[in-house]
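Undergrad: next input, structure requested:
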Amino acid sequence: MTETLEILIKYFQGPQWLILFGLVYVYTIVKAKKGERISLIIGTLLFFLCIYNDFIYGAMSKVVESEVYYRFIWIIPVTVWIAYGLVGLFLDLKKIWLRVPFVVFALICLVSMDHTWLERDRGTWSRPENEYLMPGEVLAISEVLQNEHPWGEKIRCVLPLGMTMQLRCVDASVECVIPRRDYLKMSGQSKKPYKQKELAFMIEKNKRPDKEKLKQLLKESETDYIVAYTDYDMEDYLKSADCELIETTGAFEVYRVR
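TA: Numbering: from 1, shown residues only. Next up, the predicted model:
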């Protein structure tokens, strides 16, 4: 259980959340009815047998990037379960002299286990720019692409890593030409082979293949649009590969592949 335990501790930013969850979980089992208690115990054993063990972690790492294992943690609603258990425990304490120290304990947990309020450079509260909770530039690029193609029609785009998830949250019709694993491979986080190595390095590292090679890559990948960093000054280079600049939104440029 060493590796999986390390992932859990890393995900929860320390062992304190796991310890508190363990205490609340024990309380939940103790207070549950007999049939519910049996289901909880059996479910827990199945979780450890099928997911939370080093054997499954090792087997997964041979099929996909081992880093995605942490997604299994989301199966259990830890925060909600802790809140539910602590409120239940508070209501079970009928005496005021028991409730007061319990509230003090809960406040200590709240202050000590959430470190963000202690950080000097933490972000201040502000109104979101839009209803999508996305940077305004992402919406600007989305509007450009929507004006370029009928609503709902799939379009394939070469995008910088930081733009991929944000843009798709606004417009799900956008398909990323460069697979996520190529970005991870480029940053050393994955051992999977590249699929679009040249395009990934071009859009992220400004390492440019010659124009004929770029034409071939764009044709083979059926790329419709390219979103490039303005700082990389790619206009002349991309124009030489039959790409047309259609919009500049500040930090990004949008090109149509002819």
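Undergrad: separation between the most centrally placed residue in the chain and Y183?
TA: With distances taken as Cα atoms, centre = their mean, M165 lies nearest the centre of the chain, 8.5 Å away. Going from M165 to Y183 by Cβ to Cβ, to the nearest Å gives 11 Å. The C-beta positions use only the backbone N, C-alpha and C, and glycine is treated the same way.
Undergrad: buried stuff in stretch 211-220?
TA: By 16 or more other Cβ atoms under 10 Å, the buried positions in stretch 211-220 come out as L214, K215, L217, L218.
Undergrad: and the gap between the residue nearest to the centre of the chain and V111?
TA: Taken as Cβ to Cβ, the spacing of M165 relative to V111 amounts to 32 Å.
Undergrad: what's around the residue nearest to P193 when sequence neighbours are not counted, how many residues?
TA: Closest residue in space to P193, ignoring its immediate chain neighbours: K185 at 7.7 Å, by Cβ to Cβ, 6 or more residues apart in numbering. If you count neighbours by other Cβ atoms under 10 Å, K185 ends up with 19.
Undergrad: and K185, that one's in a helix?
TA: Yes - secondary structure assignment places K185 in a helix (DSSP: H, G, I helix; E, B strand; the rest coil).
Undergrad: thought it was touching F201?
TA: No - K185 sits out of contact with F201 when judged by Cβ atoms under 8 Å, with a separation of 10.3 Å.
Undergrad: residue ranges with poor pLDDT in the stretch 1-150 of the chain?
TA: Across the stretch 1-150 of the chain, residues meeting the criterion (pLDDT under 70) sit at 1, 64-68, 114-126, 128.
Undergrad: show me where it has helices.
TA: Ranges of helices in the stretch 1-150 of the chain, per DSSP state H, counting those that start in this stretch, are 2-11, 16-31, 34-50, 54-61, 78-92, 96-113, 136-148.
Undergrad: quick revisit: now do the residue nearest to the centre of the chain against V104, distance only.
TA: 41 Å.
Undergrad: ok, D54 next?
TA: D54 is 39 Å from V104, where distance means Cβ to Cβ.
Undergrad: just K62 next, same as before
TA: Counting by Cβ to Cβ, the gap from K62 to V104 is 49 Å.
Undergrad: for E220, same thing?
TA: 65 Å.
Undergrad: kindly report the same for E198.
TA: Plainly put, E198 is 60 Å away from V104 if you go by Cβ to Cβ.
Undergrad: which one's more surrounded, the two?
TA: When neighbours are counted by other Cβ under 10 Å, E198 and V104 differ, and E198 comes out ahead with 18 against 10.
Undergrad: ok but the more buried one is inside a helix, no?
TA: Yes - residue assignment for E198, taken from three-state DSSP, places it within a helix.
Undergrad: the closest residue to it other than its chain neighbours: neighbour count?
TA: Leaving aside its sequence neighbours, E198 sits nearest to P209 (Cβ to Cβ, 6+ apart; 4.9 Å). With neighbours defined by other Cβ under 10 Å, the count for P209 comes to 16.
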